[in-house]
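Student: Next come a sequence and a model predicted from it.
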Amino acid sequence: MRYRIAQLSDLHLTASRRRKAWRWPVWANLERALDRVAQEGPFDRIILTGDLASVRKPETYSRLREALAPFWDRVRVLPGNHDSRSLIASTFSERLLDQGGWLSFVDVLPGLRLIGLDSLRPWRVSGKLGNAQRAWLAGELEESEEPVLLFLHHPVLRIGCWWLDKDLLRDSDELKEMLRGSCVQALFFGHVHQEFSGEFAGLPAHATPSTAYQFRPHAIRPGATERGEPAFRIIELDERGRLETHVLMEE
Ligand SMILES: [Fe+2]
Ligand SMILES: [Fe+2]
């Protein structure tokens, strides 16, 4: 395998390691997920696609930074709707690009480019990239000589669950136009706390479950399931650039 990437999403961490988020032992679940990442590795990148915190405090993020220490040089982080952009920017400053209005990362590897996008709208649950970030992304894609994998927090397409579909990326149509015929190979997102795969702009688009707690597919009412955490996604690219991906879920 040429590249192996682990995507972890929706950690929903509390400020104290002993505290739960709602009734979920989010820190214990993250630790189990990171143990599994260590077992299943090595990974070239470990990409955290937002909702790192349920409690937006400096300690939440600094404790996460400590937990990620064994993987630190390979870690990339993005914000989700539950996060503080400024606390992520200050805690993870070496691990991302602070673009002024948004946070991102661009990783140029031999034969592969990874781009992280920021879909956080302060005080809103839904996501949006915004004109400035989309213009920046268009430039990045034009410049890229490699296939690109895109990562962001919010769903770019509907997954068939009304209370999550309303949080769809607000400028998903504009993004779709930009990606048609581009060098992007696939997209990966979080937010929906469940596994889902669909097609967006003719490309595979995958939702990754949460490390903390899951939502039931097609659930009529909001609410978490009783099992299936932690979970994370493995993305593998072979020597010919073929992409394979699957979710690992603890039962
Ligand atoms: Fe979440
Ligand atoms: Fe979210």
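Tutor: Received the coordinates, thanks. Ligands and ions are numbered 1, 2, ... in the order given.
Student: List the contacts of residue 87.
Tutor: 53, 56-58, 60-61 (C-beta atoms under 8 Å, 6 or more residues apart in numbering). Bear in mind the C-beta positions are built from the backbone N, C-alpha and C, glycine included.
Student: For PyMOL, what selects the buried ones among the residues you listed?
Tutor: Here is the PyMOL selection string for the buried members of the contacts of residue 87, based on 16 or more other C-beta atoms under 10 Å:
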select buried, resi 53+56+60+61
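Student: Please identify the one among the contacts of residue 87 that lies nearest to ligand 2.
Tutor: In terms of C-beta to the ion, no member of the contacts of residue 87 lies closer to ligand 2 than residue 53, at 10.8 Å.
Student: Quick check: nearest residue in space to the closest one, chain neighbours excluded?
Tutor: Among residues not flanking residue 53 along the chain, residue 60 sits closest, at 4.4 Å (C-beta to C-beta, 6 or more residues apart in numbering).
Student: secondary structure element for that neighbour?
Tutor: Taking DSSP states H and E as the definition, residue 60 sits inside helix 58-67.
Student: Next SSE downstream of that helix?
Tutor: Later in the chain than helix 58-67, the nearest helix or strand by DSSP H and E is strand 75-78.
Student: ok, back up a step: gap between the residue nearest to residue 53 and residue 173?
Tutor: Spatial separation of residue 60 from residue 173 under the definition C-beta to C-beta, to the nearest Å is 34 Å.
Student: before we move on, what about residue 179?
Tutor: Distance of residue 179 to residue 173, given as C-beta to C-beta: 11 Å.
Student: What lies in contact with the helix holding residue 60?
Tutor: Applying C-beta under 8 Å, 6+ apart, the external contacts of helix 58-67 come out as 11, 13-17, 27, 30-31, 34, 52-54, 84, 87-88, 90-92.
Student: Now with 10 Å, please.
Tutor: Where contact means C-beta atoms under 10 Å, 6 or more residues apart in numbering, the residues beyond helix 58-67 that reach it are 11-17, 19, 26-27, 30-31, 33-34, 48, 52-55, 57, 72, 75, 77, 83-84, 87-92, 95.
Student: which ones are touching residue 30?
Tutor: Contact analysis of residue 30 by C-beta under 10 Å, 6+ apart lists 8, 11-13, 17, 52, 63-64, 67-68, 211-212, 229-230.
Student: Sort out which of those are in strands and list them.
Tutor: Secondary structure assignment by DSSP state E places residue 8 of these in strands.
Student: Closest to ligand 2 out of the contacts of residue 30?
Tutor: Ligand 2 lies nearest to residue 12 out of those, by C-beta to the ion, at 8.8 Å.
Student: Look up phi and psi at that closest one.
Tutor: With angles defined as degrees, to the nearest 10, residue 12 shows backbone torsions of phi 50, psi 50.
Student: what separates it from residue 251, distance-wise?
Tutor: Distance of residue 12 to residue 251, given as C-beta to C-beta: 20 Å.
Student: Of these two, which one has the most company?
Tutor: residue 12 (26 against 6; other C-beta atoms under 10 Å).
Student: Name the next helix or strand following the helix or strand encompassing residue 113 along the chain.
Tutor: When secondary structure is defined by DSSP H and E, residue 113 falls within strand 112-116. With elements assigned by DSSP H and E, the helix or strand that comes after strand 112-116 is helix 131-143.
Student: which residues sit against that next one?
Tutor: Contacting residues not belonging to helix 131-143 are listed as 97, 99-104, 106, 108, 113, 115, 117-119, 128-130, 148, 150, 171, 174-175, 177-179, 182-184 [C-beta under 10 Å, 6+ apart].
Student: Which ones among these map onto strands?
Tutor: Those of those mapping onto strands are 97, 103-104, 106, 108, 113, 115, 148, 150, 184, per DSSP E.
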